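# task: produce atomic coordinates for the following.
(chains A and B)
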2 protein chains.
Amino acid sequence: MIKASDRSKTVNYAIREVVVPARKLEKKGNKVLHLNIGDPNKYDFDTPQHMKDALYEASIKGHNGYSPSEGYDDLRNAIIKREKSRNNVDYKLDNTCITSGVTESLQILLNACMNPGDELLLPGPTYPQYTLITSFLGGIPVAYRCIEEEGWQPDVEDIRNSLSEKTKGIVLINPNNPTGALYSKKVIKEIVDLAGEFKLPIFSDEIYDDMVFEERQYATATIADDVPVVTMNGFSKVYLVPGWRIGYILFHHNGELDDVQDAFMRIARSRLCANSVCQKACLAALEGKQDHIEMTNDKLRKRRDFSYKRLNEIEGISTAKPQGAFYIFPKIDAMESGVWKSDKEFVLDLLHEKHVLVVHGSGFCSTYGKDHFRAVILPTIEILEESFNKLEDFLKERI
Amino acid sequence: MIKASDRSKTVNYAIREVVVPARKLEKKGNKVLHLNIGDPNKYDFDTPQHMKDALYEASIKGHNGYSPSEGYDDLRNAIIKREKSRNNVDYKLDNTCITSGVTESLQILLNACMNPGDELLLPGPTYPQYTLITSFLGGIPVAYRCIEEEGWQPDVEDIRNSLSEKTKGIVLINPNNPTGALYSKKVIKEIVDLAGEFKLPIFSDEIYDDMVFEERQYATATIADDVPVVTMNGFSKVYLVPGWRIGYILFHHNGELDDVQDAFMRIARSRLCANSVCQKACLAALEGKQDHIEMTNDKLRKRRDFSYKRLNEIEGISTAKPQGAFYIFPKIDAMESGVWKSDKEFVLDLLHEKHVLVVHGSGFCSTYGKDHFRAVILPTIEILEESFNKLEDFLKERI
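The predicted structure is shown next:
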């Protein structure tokens, strides 16, 4: 047998790995309640009609060939305009690149800057791709604590304590996946100051920026002044087109990131381009009406309110209140019972016994995510209620 | 300044790197004749209308969310059906995965199987992504000779001589980019036998499979019997949608590739999915009428015939006859004059003096590609004629 590479051995993507046993159940004819995938389009959210029309128009107009590697200029300029009006940050065309989702921005960015042995500071818990790609490149993911009691705000002192000479950057995910935390302006400022003190760049993932329920989201670059910030964003979530795979990256700096940005662009040129026809439709998204955003947030707020209240009623479960994105990250207090060896076992038991699928918290951070699970708050209140009732029954039966 | 990673230093993509000086010329108001990019949609080729309609329909029907990581089952099954009817090869669903173009198949495949120090046998000249990704992973690209006098058929004896204990696989690109070679059944069989003898897998890039001018293309897997073959293919070229970024990979083996295939699928699951809405439109492409293929090939054959004849008339240029794809890879006999230090200098001089853009041969292989250039035969005969006239003038003026 021909052996796989050493680097591939570490790859395990929690979010998708629990899908395999769920699919098996479904193949046997069982109905599974999916609270696992961050895809609003799988629930009762839909892409705005004018974006679908723009997609067709782009194809008819012949935008089916390669775009420039960095993306179409008109889309990049529209993004620059949005950054100016939303965040009061100025970007030049050369500081932007369109990628196949934030995933590809992140892949290229870490490839462009991480050497084996370099460390990357990540929120604990974090979106697993950060850990995965860092490890894949021989880098070391270092989780900093986020404070559950404070709605999962980053613990700035723990970031300071986690720094080393090998630290290559500090990652923020705001609003956060998997916790739904929205970082306060004060906390972002403190992290920016810390980054400035140690001359480190911040890598800021803001894919959920306009998905918030009470307070507005502050872009790190707005607050950063002289600290270099690389922002990753995209259309998947706020514009309800996760399957279109259109993301982008923005380099905000005074030359400190010239070398990394140059490497990023060289790698980007080597992989052709992001989907061209969807790029054109995303241009229409930025230029068209935005009313779906408030409608989406209104729905999500109600589901967040329900989930927060209902989950906290369940004996053995407690949860912080998400302020953005579409996740909730409850603590399984019932783990103290010793009935389950791990949160993964808990999640798989829940799946097999009640056909409710969530993702185990340790998949997001072995330290700060363990004994939790991530659920999406995307389903209708009826389905959320059915799922949480089943979770309650499951706990009552097992403890 | 924050330093880029060591691995990023090697990244230089010849095909796109010559675009930068060309863009500068265009910004100054010059008209550049582009014979450089392998994108039929930039010339007078267009995506079939029923695929555009299918794209819109897919979006309207709500396929804008994530697809399964491996791609939609219906598309994978349609590809399996095509493989059976076109190539008489049987695949199971688990042996297939949809990716963002062949580029992503190749990235994931090499990530899944290459360790630092491993060698990959590549046709000389080759499509540069093979060299680039191999080097990026710390692997060693080893070029085997292709025989210009025999229309760039692989030199099987040179493959044998290039093997080592570190060889991880043999790459075939058939029809070939950049030479337009179509490999004979006999040569493929000899390479298969060699691979079998050394228990090596073949990585077969067949993205141009139905773009042929006289003979049909034979899939490596058809001929391979007991030799493991990984085939990479996609819709970009034959279905005229390079910007849609839909490719796929097929694993053909009797267990020898279980480990690599498993690693591939785990990496694939970690990067979400290929563009969902275009996947659905590619399903329509396979199920719909295919008459655009013959029309495309008829146009290309005429342009190939013209390019082959006209280039061979030019003093200082000679070329083999392409049998497939849409490239021609002439030899710059005039390099013997010593006027240019390198083929890259030749290409840049031609660009600056005559505003004709081709890609330097050494960008495709420093050994077997040097003193050549790659041109696409995609433009109309009028534009090809204008370009080649300018090339002829350039040579007359300079020598």
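# only C-alpha atoms from now on, for both contacts and neighbour counts.
Will do.
# quick one: residues in contact with the longest helix seen in chain A.
Scanning chain A for the longest helix, with DSSP state H as the assignment, gives helix A:291-313. For helix A:291-313, contacts defined as C-alpha atoms under 8 Å, 6 or more residues apart in numbering or on different chains pick out A:45, A:48, A:210-213, A:238-239, A:317-322, A:326, A:328, A:330, A:377-381, A:384-385, A:388.
# PyMOL command for the buried members of the residues you listed?
Buried subset of these, written as a PyMOL selection, criterion 16 or more other C-alpha atoms under 10 Å in any protein chain shown:
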select buried, chain A and resi 45+48+210+211+212+213+238+239+317+318+319+320+321+322+326+328+330+377+378+379+381+384+385+388
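# and the contacts of helix A:291-313, which of them are in strands?
Of the positions in those, A:I317, A:S318, A:I328 sit in strands, assigned by DSSP state E.
# correct me if wrong: A:Q107 contacts A:T131.
No - applying C-alpha atoms under 8 Å, one finds A:Q107 not in contact with A:T131, separated by 11.3 Å.
# what's the closest non-adjacent residue to A:L110?
Beyond its immediate neighbours in the sequence, the residue positioned closest to A:L110 (C-alpha to C-alpha, 6 or more residues apart in numbering or on different chains) is A:T134, lying 7.0 Å away.
# equivalent analysis for A:I223, please.
Ranked by C-alpha to C-alpha, 6+ apart and with sequence neighbours excluded, the top spatial neighbour of A:I223 is A:K189, at 6.4 Å.
# quick one, phi/psi of that neighbour?
For A:K189, the backbone dihedrals are phi -60, psi -40 (criterion: degrees, to the nearest 10).
# what's the answer for the one 4 residues further on, then?
With angles defined as degrees, to the nearest 10, A:D193 shows backbone torsions of phi -60, psi -40.
# next one: A:Q217
Per-residue torsions, A:Q217: phi -90, psi 140 (degrees, to the nearest 10).
# now whichever strand or helix holds A:M51 - C-alpha only, CSV.
A:M51 is part of helix A:49-60 when elements are defined by DSSP states H and E. In CSV, the C-alpha atoms belonging to helix A:49-60 read as follows (Å, rounded to 0.1, in the frame of the first residue of the first chain):
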residue,chain,number,x,y,z
GLN,A,49,-33.4,37.1,-5.5
HIS,A,50,-31.4,40.0,-7.0
MET,A,51,-28.2,38.1,-6.4
LYS,A,52,-29.6,35.0,-8.2
ASP,A,53,-30.6,37.2,-11.1
ALA,A,54,-27.2,38.8,-11.1
LEU,A,55,-25.6,35.4,-11.2
TYR,A,56,-27.5,34.5,-14.4
GLU,A,57,-26.8,37.9,-15.9
ALA,A,58,-23.1,37.5,-15.3
SER,A,59,-23.1,34.1,-16.9
ILE,A,60,-25.1,35.4,-19.9
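# give the next helix or strand downstream of it.
Per DSSP H and E, the helix or strand that comes after helix A:49-60 is helix A:73-87.
# who does that following helix touch, helix- and strand-wise?
On a contact count with 3 or more C-alpha pairs under 8 Å, 6 or more residues apart in numbering or on different chains; DSSP states H and E, helix A:73-87 meets strand A:96-99, helix A:276-287.
# what packs against the shortest one?
What that stands for is strand A:96-99. With contacts taken as 3+ C-alpha pairs under 8 Å, 6+ apart, strand A:96-99 sits against helix A:73-87, strand A:247-252.
# what is the orientation angle of the shortest one with helix A:276-287?
Taking axes from the mean of the first three to the mean of the last three C-alpha atoms, to 10 degrees, strand A:247-252 and helix A:276-287 form an angle of 60 degrees between their directions.
# any idea how far chain B is from A:W152?
Distance check for A:W152 against chain B: by C-alpha to the nearest C-alpha, to the nearest Å, it reads 25 Å.
# who touches the nearest residue to A:L137 once chain neighbours are set aside in this structure?
Excluding its sequence neighbours, the residue lying closest to A:L137 (C-alpha to C-alpha, 6+ apart) is A:P116, at 6.3 Å. If you count contacts by C-alpha under 8 Å, 6+ apart, A:P116 has them with A:L137, A:G138, A:G139, A:I140.
# can I get these in JSON lines including pLDDT?
Formatted as JSON lines, the contacts of A:P116 follow (pLDDT from 0 to 100):
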{"residue": "A:L137", "pLDDT": "94"}
{"residue": "A:G138", "pLDDT": "94"}
{"residue": "A:G139", "pLDDT": "96"}
{"residue": "A:I140", "pLDDT": "97"}
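# now, of these, which are buried?
Buried, going by 16+ other C-alpha under 10 Å: A:L137, A:G139, A:I140, out of those.
# tell me which of the residues you listed is nearest to chain B?
Each of the buried ones among the contacts of A:P116 was checked against chain B using C-alpha to the nearest C-alpha; the closest is A:L137, at 9.2 Å.
# could you check how far the closest one is from A:E206?
Using C-alpha to C-alpha, to the nearest Å, we find A:L137 at a distance of 23 Å from A:E206.
# what of A:F264?
Summarising the geometry, the distance separating A:F264 from A:E206, computed by C-alpha to C-alpha, is 19 Å.
# just name the most buried of the helices and strands packed on helix A:73-87.
Mean neighbours per residue, mean count of other C-alpha atoms under 10 Å in any protein chain shown, is largest over the helices and strands packed on helix A:73-87 for strand A:96-99, with a mean of 28.
# now that one: average pLDDT?
Per-residue pLDDT values across strand A:96-99 average out to 98.
# go on, stretch A:385-392?
The average of the pLDDT scores along stretch A:385-392 is 98.
# chain center to that stretch: distance?
With C-alpha atoms, centre = their mean, to the nearest Å as the basis, stretch A:385-392 stands 25 Å off its chain's centre.
# and the contacts of A:P116, which of them are in strands?
Taking DSSP E as the definition of strands, the contacts of A:P116 contribute A:I140.
# now, among the contacts of A:P116, which is nearest to B:I173?
Taking C-alpha to C-alpha as the measure, A:L137 is the one of the contacts of A:P116 closest to B:I173, at 28.1 Å.
# which ones are touching that closest one?
When contacts are taken as C-alpha under 8 Å, 6+ apart, A:L137 is in contact with A:R7, A:L110, A:N111, A:M114, A:N115, A:P116.
# now do the strands in the stretch 101-250 of chain A.
In the stretch 101-250 of chain A, the strands defined using DSSP state E, counting those that start in this stretch lie at A:119-124, A:140-147, A:153-154, A:167-173, A:202-205, A:229-234, A:247-252.
# can you lay out those strands as TSV showing distance to B:N88?
Written out in TSV, the entries for those read as follows (distance: least, C-alpha to C-alpha, whole Å):
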stretch	distance to B:N88
strand A:119-124	49
strand A:140-147	47
strand A:153-154	57
strand A:167-173	49
strand A:202-205	47
strand A:229-234	42
strand A:247-252	39
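# those: which one's closest to B:I2?
Judged by C-alpha to C-alpha, the one of the strands of the stretch 101-250 of chain A that comes nearest to B:I2 is strand A:167-173, at 8.4 Å.
# by contact count, what packs against the closest one?
strand A:119-124, strand A:202-205.
# neighbours of the residue lying closest to A:M114 once chain neighbours are set aside, just the number please.
Spatially, and ignoring its direct neighbours in sequence, A:M114 is nearest to B:S5 (5.3 Å; C-alpha to C-alpha, 6+ apart). The local packing count at B:S5 equals 19, with neighbours defined by other C-alpha atoms under 10 Å in any protein chain shown.
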